[in-house]
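1. give me a 3D structure for the following:
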Amino acid sequence: MFLTQRSLKSRFQAIFISILLTAPLNFADRLEILLKSVINDSLSSLELINEIDLTIVAIAIAAYWHQDLPEMRSRILDLQNYYKADIQELVLAYAIAYACREELQPRLFINQICDDFNQRRALSSDPQSQRHCLDQLQLAQEFVDQGASAIYAHRSGLSEAIASSLYYFLSTPHNWSIISDRAQRPWLRNHQQVIVQSGAIAAAYLGEIGNPDQHNPEIFIKGKVIGDRLWAEWAGVFDAKLDK
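-> Numbers count the residues shown, from 1 in each chain. The predicted structure is shown next:
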């Protein structure tokens, strides 16, 4: 399937529409607080309540710093000093950043990440955690290549949130609705996190989430407003760098 080229602004909009559609109810106010802390670089003074907060912050950092991967990586790694962030947030950030850069290649992404991260030894506070995450990513790729069902994949060892999220995205990368529907696995311990992550990756990749008529129009409007705000802030930072 040929993907129509999308603007960066449309990708930002799609990301935050997706988050509002998949995050807990009435999350818009919290989302704005998290986004503001990323833009103002004030995460050290913000309390992240749960894994969803951490996921949203990783996504926002990735979108905002997508053109400067070392800077993005540095900010994600800094989260390890304040919160229970780990290599999973870094993998998520790379997926979002590559999508915003129009460089995300679904068939190659996991192998690319594993090759890169295997050469870096300080991406996790625990080397065993890093090895386990990369093993889970490779397992997800195997299930995608086999065309394995979600039930089979999870029963056969797929458990980490980012690996599960990438499994759903890579299985059907061209349809946001199918990805989000398939990720609805309430019996999974981290199912809410998986839904948010897989939806955001797909939204960043596609630059849209499908037919707006199928969803609450207020969520679409709010998501677009938040996406536009981040794009405007990003454009200012980018212009300032160009002027140096």
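
2. list the buried ones in the helix ranked longest in the chain?
-> Assignment by DSSP state H gives helix 217-243 as the longest helix of the chain. By neighbour count on 16 or more other Cβ atoms under 10 Å, the buried set for helix 217-243 is 219, 220, 222, 223, 224, 226, 227, 229, 230, 231, 233, 234. For the C-beta atoms, the positions are set from N, CA and C on the backbone; glycine is no exception.

3. excluding chain neighbours, what is closest to the third one?
-> Meaning residue 222. residue 28 (5.5 Å; Cβ to Cβ, 6 or more residues apart in numbering).

4. got the phi and psi for that neighbour?
-> phi -60, psi -40 (degrees, to the nearest 10).

5. okay, now it: neighbour count?
-> As a burial measure, residue 28 scores 18 neighbours (other Cβ atoms under 10 Å).

6. surely it meets residue 20?
-> Yes. Counting by Cβ atoms under 8 Å, residue 28 touches residue 20, with 6.1 Å between them.

7. quick one, what contacts the residue nearest to residue 222?
-> 20, 222, 226 (Cβ atoms under 8 Å, 6 or more residues apart in numbering).

8. which one among those residues gets closest to residue 185?
-> residue 20 (20.5 Å; Cβ to Cβ).

9. the closest one contacts residue 219, correct?
-> Yes. Contact criterion Cβ under 8 Å: residue 20 and residue 219 qualify, at 4.8 Å.

10. hang on, the earlier thing: need the overlap of contacts for residue 28 and residue 20.
-> With Cβ under 8 Å, 6+ apart, residue 28 and residue 20 have common neighbours 222, 226.

11. fine by me, thanks again.
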